[in-house]
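Novice: pasting the structure only:
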Ligand SMILES: [Zn+2]
């Protein structure tokens with residue numbers, strides 16, 4: 001109870017020892033992947049690299065990358081779990097599934113050991129943010145397929161009283177906040193804002209009438225954006241901690257400590273590299289590039305040099321909190337993805353929809369903007385003359401909802417020929433947000 005660390009030895013391991021441990025784990029993981037996952041055997045052989053080539057951490061740079069496409073291409077090939085999996089199905093106890101907004105949903109499998117180690121990392125993040133066994137915690141994240149759902153178990157292992165809230169309607173959640181008086185909650189930044197405002201509209205002052213003193217957020221950039229964080233903290237009278245997760249690895253792989261300067265990454269489980277977007281060359285700490293993760297202990301599906309599509313940088317300098325694990329700063333997505341109501345929206349999906357509808361000409365622009373700290377998008381299209389404008393609006397809106405998972409806030413229908421035509425590199429996205437695109 002009195003320690004500020006969940007696992008002091010691990011969290012404060014001197015950097016040299018931490019890297020020594022990483023090297024040992026990395027050698028084991030690469031060997032395990034090569035010997036058990038058909039994809040890695042093939043790709044390492046094709047690249048002319050062998051597990052024994054790993055003599056130092058820097059040797060990882062010789063190994064090929066994987067990305068989302070690799071996951072999709074290998075999923076279901078050879079076996080249900082696909083060619084990246086390194087264990088037989090009977091050893092797998094859990095799978096989470098991505099939203100699939102860019103195509104086939106990707107599945108993330110865990111063995112029992114993977115799952116338990118993941119939850120130990122979650123306990124670490126909760127403890128780091130100050131949660132203790134006498135806290136009451138409401139986990140207000142989606143439980144359906146989503147990798148963030150089981151993270152509540154990390155809080156339960158820590159000893160907190162856990163309320164598995166999931167995605168309750170706001171009125172019921174507010175009722176729980178009033179009657180059970182939880183002290184901690186995890187949700188998205190935009191929902192934290194919306195929920196606080198909804199409380200006030202219903203005559204409940206989050207600062208005075210509720211007991212929330214810690215808010216964990218993930219899924220959007222807001223938690224690391226000073227102005228957004230402060231606004232939510234002021235609204236609730238609580239401290240906000242940004243968490244960062246990837247369905248491909250863990251629910252939360254990194255989290256802010258009390259210093260709130262970057263997010264500590266679980267370096268005993270994940271090796272982070274930043275690479276140059278164009279050349280793929282490894283960058284030095286402090287240099288901005290694409291974040292690439294390698295799992296060090298995951299057995300069900302080792303991820304070796306996974307290109308996340310997230311842009312950011314690593315800070316390995318000592319943190320004031322005393323933890324030695326490096327911190328990541330995530331700036332946004334490589335592509336123009338944006339997040340609306342915790343759903344990842346990809347402009348490529350919008351284009352897919354617009355181009356496929358005969359009621360519109362196929363020309364379009366997307367405006368991404370923020371209102372009340374919530375990301376929204378508006379689509380402008382041209383009527384091809386087959387239906388009246390209001391019918392086109394409905395058609396576009398419904399089709400976007402079906403493909404992207406979330407409707408546009410607005411659809412503007414213009415006559416044919418209104419939008420500027422461009423032969424290449426059309427500027428179709430107008431991003432009016434103050435913050436960078438979302439992180440997870
Ligand atoms: Zn720290």
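Specialist: Received the coordinates, thanks. Owing to the predicted nature of the structure, the values given are computational and were not obtained by experimental measurement.

Novice: Quick one: neighbours of the residue nearest to residue 315 when sequence neighbours are not counted, just the number.
Specialist: Closest residue in space to residue 315, ignoring its immediate chain neighbours: residue 327 at 4.6 Å, by CB to CB, 6 or more residues apart in numbering. (C-beta placed from N, C-alpha, C; glycine too.) Residue 327 has 24 neighbours, counted by other CB atoms under 10 Å.

Novice: Which parts of the chain are helices?
Specialist: 8-11, 15-36, 38-47, 68-74, 112-128, 152-158, 170-179, 189-201, 226-236, 347-356, 389-404 (DSSP state H).

Novice: For the nearest residue to residue 391 once chain neighbours are set aside, give me its contacts.
Specialist: With CB to CB, 6+ apart as the criterion, residue 391 has its nearest non-adjacent residue at 7.5 Å, and that residue is residue 359. Contacts of residue 359 were listed using CB atoms under 8 Å, 6 or more residues apart in numbering, and they are 383-384, 386-387, 391-392, 395-396.

Novice: give me the low-pLDDT residue ranges for the stretch 101-250 of the chain?
Specialist: Under the criterion pLDDT under 70, the flagged ranges of the stretch 101-250 of the chain are 101-103, 221-222, 227.

Novice: Pull out the buried residues from stretch 146-162.
Specialist: Within stretch 146-162, the residues that qualify as buried are 146-160, 162, counting by 16 or more other CB atoms under 10 Å.

Novice: Stretch 384-393 too?
Specialist: By 16+ other CB under 10 Å, the buried positions in stretch 384-393 come out as 387, 392-393.

Novice: gap between the two ends of that stretch?
Specialist: For stretch 384-393, the first-to-last residue distance is 12 Å (CA to CA, to the nearest Å).

Novice: Can you tell me what sits against that stretch?
Specialist: Residues outside stretch 384-393 that contact it (CB under 8 Å, 6+ apart): 358-361, 381, 383, 395, 411, 413, 416.

Novice: which one in the residues you listed is the model shakiest on?
Specialist: Of all these, residue 361 carries the smallest pLDDT score, 86.

Novice: what's the angle between the lengthiest strand in the chain and helix 347-356?
Specialist: Assignment by DSSP state E gives strand 360-371 as the longest strand of the chain. Counting by axes from the mean of the first three to the mean of the last three CA atoms, to 10 degrees, strand 360-371 lies at 150 degrees to helix 347-356.

Novice: What's the separation between the nearest residue to residue 268 once chain neighbours are set aside and the ion?
Specialist: For residue 268, ignoring the flanking residues on the chain, the nearest one in space by CB to CB, 6+ apart is residue 10 at 5.6 Å. Relative to the ion, residue 10 is positioned 14 Å away (CB to the ion, to the nearest Å).

Novice: Equivalent analysis for residue 98, please.
Specialist: Residue 98 sits 29 Å away from the ion, taking CB to the ion as the criterion.

Novice: Please give the number of neighbouring residues around that residue.
Specialist: 22.

Novice: can you pull the contacts of it?
Specialist: By CB under 8 Å, 6+ apart, residue 98 lies in contact with 105-108, 247.

Novice: again, but for residue 95
Specialist: Applying CB under 8 Å, 6+ apart, the residues contacting residue 95 are 107-110.

Novice: one more time with 7 Å
Specialist: Each residue near residue 95 by CB atoms under 7 Å, 6 or more residues apart in numbering is listed here: 107-109.

Novice: And the residues you listed, which is closest to the ion?
Specialist: residue 108 (27.3 Å; CB to the ion).

Novice: Please verify my assumption that that closest one contacts residue 248.
Specialist: Yes. Residue 108 lies in contact with residue 248 (CB atoms under 7 Å); the separation is 5.7 Å.

Novice: Just put the buried residues of stretch 384-393 in CSV and tack on distance to the ion and pLDDT.
Specialist: Below are those laid out as CSV (distance: CB to the ion, whole Å; pLDDT from 0 to 100):
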residue, distance to the ion, pLDDT
387, 57, 95
392, 52, 97
393, 49, 97
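
Novice: Quick check: residue 302 touching residue 31?
Specialist: No. Between residue 302 and residue 31 there is no contact under CB under 7 Å: 10.0 Å.

Novice: These two: who's more crowded?
Specialist: residue 302 (25 against 14).

Novice: Tell me who's in contact with that one.
Specialist: By CB under 7 Å, 6+ apart, the neighbours of residue 302 are 29, 32-33, 37, 86, 295.

Novice: Present those residues as a markdown table; the columns should include pLDDT.
Specialist: Formatted as a markdown table, these follow (pLDDT from 0 to 100):
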| residue | pLDDT |
| --- | --- |
| 29 | 98 |
| 32 | 98 |
| 33 | 98 |
| 37 | 98 |
| 86 | 98 |
| 295 | 98 |
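
Novice: would CSV of those residues with neighbour count and distance to the ion be doable?
Specialist: Formatted as CSV, those follow (neighbours: other CB atoms under 10 Å; distance: CB to the ion, whole Å):
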residue, neighbour count, distance to the ion
29, 24, 26
32, 18, 31
33, 26, 31
37, 24, 34
86, 24, 33
295, 24, 22
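
Novice: Need the max-distance pair from those residues.
Specialist: Farthest pair in the contacts of residue 302 (CB to CB) is 37 and 295. Separation: 11.8 Å.

Novice: and the stretch 301-440 of the chain, which residues reach the ion?
Specialist: 319, 321, 323 (CB under 5 Å from the ion).

Novice: Any of those residues buried? List them.
Specialist: So, by 16+ other CB under 10 Å, the buried ones in these are 319, 321, 323.

Novice: residues touching the first one, list them.
Specialist: Read it as residue 319. Residue 319 is in contact with 257, 259, 327, counting by CB under 7 Å, 6+ apart.

Novice: Filter the residues you listed down to the ones in strands?
Specialist: residue 327.

Novice: Same list (the contacts of residue 319) but as CSV, adding pLDDT.
Specialist: Listed next are the contacts of residue 319 as CSV, based on pLDDT from 0 to 100:
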residue, pLDDT
257, 98
259, 97
327, 98
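
Novice: any chance of the contacts of residue 319 in CSV, plus distance to residue 351?
Specialist: As requested, the contacts of residue 319 are exported to CSV (distance: CB to CB, whole Å):
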residue, distance to residue 351
257, 40
259, 41
327, 36
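
Novice: closest to residue 372 out of the helices of the chain?
Specialist: Nearest to residue 372, of all those, is helix 189-201, at 6.3 Å by CB to CB.

Novice: Give the buried residues for that closest one.
Specialist: 189-196, 198-199.

Novice: Looking at those, spot the one nearest residue 220.
Specialist: If you rank these by distance to residue 220 using CB to CB, residue 189 comes first, at 5.0 Å.
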